[in-house]
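Engineer: got a sequence here, can you model it:
(one chain, ligands or ions: 2)
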Amino acid sequence: MSYDAVYRASIADPNEFWLEASKAIDWETPPTAGLQDNNAAWFSDGTLNLCYNAVDRHVDAGRGADKALIYESPATGTSETFTFAQLQEEVARTAGMLANAGIRSGDRVIIYMPMIPQAIFGMLACARIGAVHSVVFGGFSATELAKRIDDCEPKAILTASCGIEAKKVLPYKPIIDEAIARASHVCSKVFIWQREQCDAEFTSDSDLNWRSALAQSEPAACVFVTSHHPLYILYTSGTTGKPKGVVRETGGYGVALAWSMPNIYGVQPGETYWAASDIGWVVGHSYIVYGPLINGNATVLFEGKPVGTPDAGIFWEIAAKHDVGVLFTAPTAIRAIRAADPTGTLLQKAAPRALRALFLAGERADPDTVEWIGEQLSKPVIDHWWQTELGWPALASCVGLGSEPAPIGAAGYPVPGFAFTILDGHGQAVSAETTGNLVIAKPLPPGSFRSLWNDADGFNGYFSAFDEFYSTGDAGLLGADGAYRVMGRTDDIINVAGHRLSTGQIEEVVAACECVIECAVIGGSDELKGEVPIVFYVAAPGKNQNANDEIVEAIRAGISPIAAPRDCVAIDALPKTRSGKILRNLLRDIANGEEIVIPQTIEDPSAIDSTAASYRAAVKR
Ligand code: COA
Ligand code: AMP
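Structural biologist: Ligands and ions are numbered 1, 2, ... in the order given. Modelled structure (predicted):
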């Protein structure tokens, strides 16, 4: 069936459409219905286990000797492959280790890990016994980790002695210790995987040697759970300092991912698929771990950077080495590769012949970059759009359904199951080619979130601005060609190198610095990372010296080095409206060198000139 026919079928009868799609999953009890109510309660009477679907069923089907997990770590010079049978053995024993430690179905386990196979074993081991994993990106600070410990109250933490960032060895144990000390919740089991690059010191009774514990564990069997059982909690940035714990339910997610692999990405079982992301993000959950494995693909786990480990040819070399059919990365990675290898010499040298398509997501794909990589690869380059909340792509060109790539600059066409509309601020639908709020009609398809952990109000907030619609928080427009363009966020979230960050959260950290009276953080345009944080602040009297360093350090230590600002600009006063609201758009225009439109509501117009002058003096570009 063509994309159009499939899309229409998915919207005309979602219940029937997804019930049919659910057959791609091996259920213990197959569901008798797709949708139960309008709140995306999918497959309510089904029971299943996603680890079984990702691992065991392929072994049972005689594919135990096929490649399942390919670990490539240019950072450490390691390359290792696990077949489905080996993956089953590793995961089952890791699950046994968790079960021995008293972890039961429904218990939470935080995974704070670098990109090593044990991280994936840990995730799948949780899924195997019904424990709920919450992976925390290894670049987050102790403060951020502590917030997540207190929110999801894990019974155990899985971690490693260190992460490796390009050539830097980053010990994790001090971060874990500080996070545990900061958190109110007591977590009495911390399993530590010792890596040869760094030995973690065991300092308390709760520190456990992962290898020794594994040696004393027997493989654990799959525990079957209901479709609504939470598979994981993944925290993402909201507009405040409190992260939102997106809860992903098991059944709908399994069905959505199983459907997406052949239909969106056009990938068949047995092929190698590579999402060059991090397991700390939703892309990593869905397309490094669950999606490809459920579909019976070999998946690549890459511990390195697109450039510098050792050079800008690494993506293409790995793709060539493993016959990667489809590669998925963020536009930032391609921009970094282009800057280092502008003529594509390393790409041509590696010649990744099996590569059929490159998918991009996580941030706006600028046309220049898409055109460049398209010319270098001579293969389709496909932008697609999604969010942590939705769990899988919602706008894409469904290659597996025969769609041609959407025009450059467009994020794609609605994926079956997602009914998009563009609304103005009053909730009225706008005509084609008009920018407005990008919203999705209820019911959201399988795989989308149905709650936030401990935050019912936060969840309801997504549906409160426009009745019956899910607000994406993005602005967009529908082109006359039927493809959607996504213009950027309508809230205080920014996208730095494909990472979603809250300016409100960064402001909270900056405002707490002694050297700062008040501040505003905005996203400035950046050639490499798309957007970067820029801090405008008013210094406390006598505290101007070294204030920039203090602010940068506070953000790195309080949130993550990935949130470090490109510029810190001391100004005399923040431009505000007469009612005291900070004019962030004005600051954005100043930082981005845009034409400045003086708002009627401004309290002191002279603040504009002095702020712009301070910005120019501070950045001297
Ligand atoms: N653990 C610890 N620290 C981390 C980290 C991690 N997992 N990831 C990043 N950091 C640190 C970096 O070491 C760096 O620290 P430094 O300032 O002390 O050097 C800082 O955070 C910024 O890192 P990053 O944003 O990766 O910038 P970079 O300049 O090191 O690299 C790119 C630039 C373009 C190579 C990199 O941003 C990149 O690979 N981007 C693509 C990201 C991506 O795939 N996103 C998709 C998510 S779906
Ligand atoms: P995250 O939840 O971290 O995946 O971030 C989701 C946000 O990233 C979206 O709301 C968008 O703002 C942005 N985003 C993701 N994919 C794209 C894309 N293809 N084009 C433009 N923005 C994107």
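
Engineer: report whether stretch 60-77 contacts ligand 1.
Structural biologist: No. Applying CB under 6 Å from any ligand atom, one finds stretch 60-77 out of contact with ligand 1, separated by at least 10.6 Å. (C-beta placed from N, C-alpha, C; glycine too.)

Engineer: show residues contacting that stretch.
Structural biologist: 55, 58, 78-88, 115-117, 120, 164-167, 197, 269-270, 272, 293, 296, 298-304, 309-310, 314, 318, 321-322 (CB atoms under 8 Å, 6 or more residues apart in numbering).

Engineer: do stretch 138-154 and ligand 1 meet at all?
Structural biologist: Yes. Judged by CB under 6 Å from any ligand atom, stretch 138-154 and ligand 1 are in contact via G138, G139.

Engineer: avg pLDDT for that stretch?
Structural biologist: For stretch 138-154, mean pLDDT is 97.

Engineer: quick one: that stretch to chain centroid distance?
Structural biologist: 16 Å (CA atoms, centre = their mean, to the nearest Å).

Engineer: and ligand 1, which of the contacts of stretch 60-77 reach it?
Structural biologist: Restricting the contacts of stretch 60-77 to those touching ligand 1 (CB under 6 Å from any ligand atom) yields E165.

Engineer: among the contacts of stretch 60-77, which are in helices?
Structural biologist: In helices, judged by DSSP state H, the following of the contacts of stretch 60-77 are found: H58, F84, A85, Q86, L87, Q88, P117, I120, L293, I314, I318, K321.

Engineer: what sits closest to the first one if chain neighbours are left out?
Structural biologist: What it means is H58. Nearest residue to H58, sequence neighbours excluded (CB to CB, 6 or more residues apart in numbering): F84, at 4.4 Å.

Engineer: likewise for the fifth one?
Structural biologist: Counting by CB to CB, 6+ apart, L87 lies nearest to A68, which is 4.5 Å off, once chain neighbours are set aside.

Engineer: roughly how far apart are the one you found and ligand 2?
Structural biologist: To ligand 2, A68 is 25 Å away according to CB to the nearest ligand atom, to the nearest Å.

Engineer: adjacent strands (with direction) for the helix or strand where that residue lies?
Structural biologist: For A68, the element it lies in under DSSP states H and E is strand 67-73. Sheet pairing for strand 67-73, assigned by DSSP bridges, gives strand 78-83 (antiparallel), strand 298-302 (parallel).

Engineer: got the contact list for the last one?
Structural biologist: Strand 298-302 is contacted by residues 66-73, 115-117, 119-120, 270-276, 279, 287-289, 292-293, 318, 322, 324 when judged by CB under 8 Å, 6+ apart.

Engineer: what's the PyMOL syntax to select whichever of those are buried?
Structural biologist: In PyMOL, the members of the contacts of strand 298-302 classed as buried (16 or more other CB atoms under 10 Å) are selected with the following command:
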select buried, resi 66+67+68+69+70+71+72+73+115+116+117+119+120+271+272+273+274+275+276+279+287+288+289+292+293+318+322+324
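
Engineer: who in this protein is up against ligand 2?
Structural biologist: Residues of the chain lying near ligand 2 (CB under 6 Å from any ligand atom): 236, 282, 361-365, 383-388, 411, 472-474, 486, 489, 495, 500.

Engineer: now the residue nearest the centre of the chain. Nearest residue, chain neighbours left out?
Structural biologist: Nearest residue to the geometric centre of the chain (CA atoms, centre = their mean): W281, 2.8 Å. Among residues not flanking W281 along the chain, F137 sits closest, at 6.7 Å (CB to CB, 6+ apart).

Engineer: ok so that neighbour is a strand residue?
Structural biologist: No. Note on F137: no strand contains this position according to DSSP: H, G, I helix; E, B strand; the rest coil, which reports coil.

Engineer: now do the strands for the stretch 201-350 of the chain: every range, in order, please.
Structural biologist: 207-209, 225-226, 230-236, 244-249, 272-275, 298-302, 324-329 (DSSP state E, counting those that start in this stretch).
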